[in-house]
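>>> Here is my input; please provide its structure:
(chains A and B)
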Amino acid sequence: NAGVTQTPKFRVLKTGQSMTLLCAQDMNHEYMYWYRQDPGMGLRLIHYSVGEGTTAKGEVPDGYNVSRLKKQNFLLGLESAAPSQTSVYFCASRPDRVHEQFFGPGTRLTVL
Amino acid sequence: DAKTTQPPSMDCAEGRAANLPCNHSTISGNEYVYWYRQIHSQGPQYIIHGLKNNETNEMASLIITEDRKSSTLILPHATLRDTAVYYCIVRVIETNAGKSTFGDGTTLTVKP
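Residues are numbered from 1 along each chain as shown, chains lettered A, B, ... in the order given. Next comes the predicted model:
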């Protein structure tokens, strides 16, 4: 049982490039979340999903897209990266009617 | 979701109890209080949650005031490994989503 995993762990992009971050969970959780954390600050919710095939906007969705084609995977896409998207990205999941969110180890993204 | 206010930093002596306060004066009746912690830029870790009553688990105790406008997380015997950023979050866990907005948290430093 690997829990929540994130790929890649680190990435450097140039402005305007695109990339996809992968979050995978093997716990059969219904809900999945993408957060970003800027230096010295708390986490902010980007997008979330309440089940396979569904997505919804969080607090800071602009510049990101997401997809949840399979229950175990939640993808976060950056179509045209900007320096303001330099951050650490965390994915989380939780089962239905359970309060605890389980977090992945994070992806550190730098946009030059 | 209600906003929370936490002190930016606190120190605690190893072996002593750490008491971390959180103010959530605008909390609604159906909003829970959650505590997470983040150790050295790892993914956040769930600690405890509560609605009205005080709660205790193997990690900590949560004391919620009768008017629910504030709460205190208690680590009964702090160790050096408890040094982390502690986040107090207030939210509704709906049947379709349990969104979280993490504020800036309290940096707890446990000293020998």
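
>>> Okay, buried residues for whichever strand or helix holds B:Val110 please.
Under the criterion of DSSP states H and E, B:Val110 resides in strand B:106-111. Under the neighbour-count criterion of 16 or more other C-beta atoms under 10 Å in any protein chain shown, strand B:106-111 has B:106-108, B:110 buried. The C-beta positions use only the backbone N, C-alpha and C, and glycine is treated the same way.

>>> where's the residue of chain A found nearest chain B relative to B:Pro44, distance?
The nearest approach of chain A to chain B comes at A:Phe103, 3.1 Å away (C-beta to the nearest C-beta). Distance of A:Phe103 to B:Pro44, given as C-beta to C-beta, to the nearest Å: 5 Å.

>>> quick one on the thing from earlier: so in terms of bridging, what pairs with the residue of chain A closest to chain B?
A:Phe103 forms beta bridges with A:Ala92, as assigned by DSSP bridges.

>>> Touching, it and B:Gly43? I think so.
Yes - under the criterion of C-beta atoms under 8 Å, A:Phe103 makes contact with B:Gly43 at 3.1 Å.

>>> Next one, pLDDT for the residue at minimal distance from the centre of chain B please.
Residue closest to the average C-alpha location in chain B (C-alpha atoms, centre = their mean): B:Trp35, at 3.2 Å. Note on B:Trp35: pLDDT of 96.

>>> so what's A:Ala92 up against?
A:4, A:32-33, A:35, A:101-104, B:43-44 (C-beta atoms under 8 Å, 6 or more residues apart in numbering or on different chains).

>>> B:Asp11 too?
B:108-111.

>>> Kindly reformat those as JSON lines containing pLDDT and distance to chain A.
Shown next, in JSON lines, are the contacts of B:Asp11 (pLDDT from 0 to 100; distance: C-beta to the nearest C-beta, whole Å):
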{"residue": "B:Leu108", "pLDDT": "98", "distance to chain A": "15"}
{"residue": "B:Thr109", "pLDDT": "98", "distance to chain A": "15"}
{"residue": "B:Val110", "pLDDT": "97", "distance to chain A": "20"}
{"residue": "B:Lys111", "pLDDT": "97", "distance to chain A": "21"}
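
>>> Between those residues, which sits nearest B:His24?
Set against B:His24, the nearest of the contacts of B:Asp11 by C-beta to C-beta is B:Leu108 (18.6 Å).

>>> Specify the beta-bridge partners of A:His47.
Here A:His47, judged by DSSP bridges, has bridge partners A:Trp34, A:Lys57.

>>> What about B:Arg37, how many residues nearby?
23 (other C-beta atoms under 10 Å in any protein chain shown).

>>> Which residue, other than its chain neighbours, is closest to it?
B:Ala84 (4.4 Å; C-beta to C-beta, 6 or more residues apart in numbering or on different chains).

>>> what's near enough to touch the one you found?
Contacts of B:Ala84 (C-beta under 8 Å, 6+ apart): B:37-40, B:107-108.

>>> quick one: the closest residue to B:Ser71 other than its chain neighbours and B:Tyr86, what's the gap?
In this structure, B:Ser71 finds its nearest non-sequential neighbour in B:Ile64, 4.6 Å apart by C-beta to C-beta, 6+ apart. Distance, B:Ile64 to B:Tyr86, by C-beta to C-beta: 16 Å.
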